[in-house]
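**Q** I need the structure of the sequence given here:
(one chain, ligands or ions: 1)
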Amino acid sequence: MIEGLPMAVAAEGLPDRVRIHEVGARDGLQNEPSTVPVEVKAEFIRRLADAGLRTIEATSFVHPRWVPQLADAEELFPAVADLADRAGADAVRLPALVPNERGLERALALGVREIAVFGSATESFARANLNRTVDEALAMFEPVAARAKEAGAGVRGYLSMCFGDPWEGPVPVAQVVGVCRRLLDLGCDELSLGDTIGVATPGHVTALLAALNDAGVPTGRLAVHFHDTYGQALSNTLAALRHGVTAVDASAGGLGGCPYAKSATGNLATEDLVWMLHGLGIDTGVDLGRLTATSVWMAERLGRPSPSRTVRALSSQGTHDTRGSQGTQVSRDSHKEQ
Ligand SMILES: CC(C)(COP(=O)([O-])OP(=O)([O-])OC[C@H]1O[C@@H](n2cnc3c(N)ncnc32)[C@H](O)[C@@H]1OP(=O)([O-])[O-])[C@@H](O)C(=O)NCCC(=O)NCCSC(=O)C[C@@](C)(O)CC(=O)[O-]
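**A** Okay, the predicted model is just below:
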């Protein structure tokens with residue numbers, strides 16, 4: 001909390017708490033040129049949990065030929081599944097991406113309790129990412145959502161290319177709203193609006209959210225998923241929070257991209273998000289120092305520095321007074337630990 005800043009002014013129209021949906025282990029690592037060992041992935045997820053994240057997307061049950069980096073889902077999930085059994089507020093939700101019934105069978109066999117289907121607002125990306133038209137992809141998801149619900153699993157829907165598409169250019173709001181409605185009608189509990197290639201701006205975000213409300217979609221069922229190509233991810237997030245959104249996707253250390261949309265850059269970094277939210281007095285449950293240490297640890301394993309500005313700032317300053325982030329301290333040695 002920044003001294004002298006009237007919180008009523010700073011946080012006007014903003015939620016008290018934001019749920020961060022951490023996607024680094026899935027969206028981040030799916031794009032790595034070389035496969036990260038399963039033990040490293042499991043340790044990454046455990047460290048994220050220790051840093052206070054309570055929704056950590058673990059992996060994908062997609063075809064291993066399409067995303068070889070996540071071909072180890074059968075090994076990874078059992079290695080972290082105990083996090084979901086923790087008591088009360090310590091329990092960690094571990095959703096996983098599932099495109100089709102084959103993926104669902106694999107996920108349910110391991111005890112996955114929450115899945116996410118992932119559609120596209122554009123035909124070009126539906127084809128590139130799922131080898132299907134938009135209609136065919138939705139038809140593929142229908143039995144997945146129904147069977148997941150029967151099995152008692154939660155269902156999230158992702159919608160990619162909500163703002164712009166590398167092949168088709170700007171995506172009309174009405175087109176996005178139409179596919180959102182269809183995903184929600186399939187039974188998705190929550191819908192994450194993806195700016196897959198990071199071209200959204202705050203005005204566009206507000207316009208889409210308003211159009212979704214006009215179409216009867218409650219803001220409480222929406223999450224936002226921004227990539228930071230043009231440095232707009234935080235501004236876009238703030239616009240979404242002002243509109244009433246309280247669930248935000250982010251990737252520790254800003255890892256990420258999408259293998260089937262080459263212009264997709266890293267996701268909004270979780271540290272950058274937490275820095276902003278804590279500065280606004282919004283609770284996340286996340287310990288920024290631990291999270292930063294985790295991202296530095298992961299960056300070392302990947303052999304390159306984190307693109308997150310907050311990670312870079314905190315680790316270069318060593319011991320740092322993070323008053324904007326509830327006084328969390330990052331120790332000088334956090335990047336060398338364990
Ligand atoms: C959907 C498919 C499978 C269609 O791919 P396809 O080639 O059309 O597959 P198919 O349905 O014709 O099946 C062909 C073979 O694959 C097998 N198969 C089929 N499904 C599976 C499965 N689940 N697991 C294991 N095996 C599977 C199936 O059993 C069959 O085996 P065969 O009979 O030939 O031996 C493929 O396109 C695919 O896996 N795509 C995944 C792409 C992906 O994961 N992209 C990244 C995630 S999306 C993203 O990152 C964006 C997001 C969510 O973050 C938000 C944003 O930023 O916008």
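
**Q** tell me the SS of the residue of the chain found nearest the ligand?
**A** Closest approach between the chain and the ligand, counting by C-beta to the nearest ligand atom: residue 194, at 2.7 Å. In this view, the C-beta of every residue, glycine as well, is placed from N, C-alpha and C. Using DSSP: H, G, I helix; E, B strand; the rest coil, the structure places residue 194 in strand.

**Q** chain neighbours aside, what residue packs nearest to the one residue sitting closest to the centre of the chain?
**A** Central residue of the chain (C-alpha atoms, centre = their mean): residue 249, 3.1 Å from the mean position. Nearest non-adjacent residue to residue 249, counting by C-beta to C-beta, 6 or more residues apart in numbering: residue 225, 3.9 Å away.

**Q** is the helix or strand where that neighbour lies positioned near the ligand?
**A** Element membership for residue 225 (DSSP states H and E) is strand 222-226. Yes - using C-beta under 6 Å from any ligand atom, strand 222-226 reaches the ligand at residue 225.

**Q** where exactly do the helices run in this structure?
**A** Using DSSP state H, the helices of the chain run over 7-10, 38-50, 73-80, 101-109, 123-130, 134-150, 173-185, 202-214, 233-242, 270-279, 288-302, 309-317.

**Q** with mean pLDDT, distance to the ligand and mean neighbour count added, can I get those helices in TSV?
**A** Listed next are the helices of the chain as TSV, based on pLDDT from 0 to 100; distance: least, C-beta to the nearest ligand atom, whole Å; neighbours: other C-beta atoms under 10 Å:
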stretch	mean pLDDT	distance to the ligand	mean neighbour count
helix 7-10	54	30	10
helix 38-50	98	16	20
helix 73-80	98	9	19
helix 101-109	98	3	18
helix 123-130	98	5	20
helix 134-150	98	7	18
helix 173-185	98	12	18
helix 202-214	98	14	17
helix 233-242	98	11	22
helix 270-279	97	14	26
helix 288-302	96	18	24
helix 309-317	90	20	20
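
**Q** could you save the ones you listed as CSV and add columns showing distance to residue 18?
**A** Output for the helices of the chain, formatted as CSV (distance: least, C-beta to C-beta, whole Å):
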stretch, distance to residue 18
helix 7-10, 15
helix 38-50, 16
helix 73-80, 23
helix 101-109, 27
helix 123-130, 27
helix 134-150, 26
helix 173-185, 21
helix 202-214, 15
helix 233-242, 7
helix 270-279, 6
helix 288-302, 14
helix 309-317, 16
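
**Q** rewinding a little: what residues sit buried inside the strand holding residue 225?
**A** The neighbour-count check on strand 222-226 (16 or more other C-beta atoms under 10 Å) flags 222, 223, 224, 225, 226 as buried.

**Q** tell me the strands beside that strand, with direction?
**A** If you go by DSSP bridges, strand 222-226 pairs up with strand 190-195 (parallel), strand 247-250 (parallel).

**Q** okay, those in TSV with mean pLDDT and distance to residue 237 next?
**A** Formatted as TSV, these follow (pLDDT from 0 to 100; distance: least, C-beta to C-beta, whole Å):
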stretch	mean pLDDT	distance to residue 237
strand 190-195	98	10
strand 247-250	98	6
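
**Q** can you put the ones you listed in TSV and add distance to residue 292?
**A** TSV is the format used below for these (distance: least, C-beta to C-beta, whole Å):
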stretch	distance to residue 292
strand 190-195	24
strand 247-250	13
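
**Q** which stretch among these comes nearest residue 17?
**A** With distances scored as C-beta to C-beta, the stretch of the strands paired with strand 222-226 nearest to residue 17 is strand 247-250 (10.4 Å).

**Q** and the closest one, how far out from the chain's middle?
**A** In terms of C-alpha atoms, centre = their mean, to the nearest Å, the centre of strand 247-250 is found 5 Å from the chain centre.

**Q** near the ligand, anything from that strand?
**A** No - shown here: strand 247-250 not in contact with the ligand (C-beta under 6 Å from any ligand atom), separated by at least 7.8 Å.

**Q** now what about that strand, what contacts it?
**A** Applying C-beta atoms under 8 Å, 6 or more residues apart in numbering, the contact partners of strand 247-250 are 18-23, 27, 190, 192, 222-226, 237, 240-241, 267-270, 272-273.
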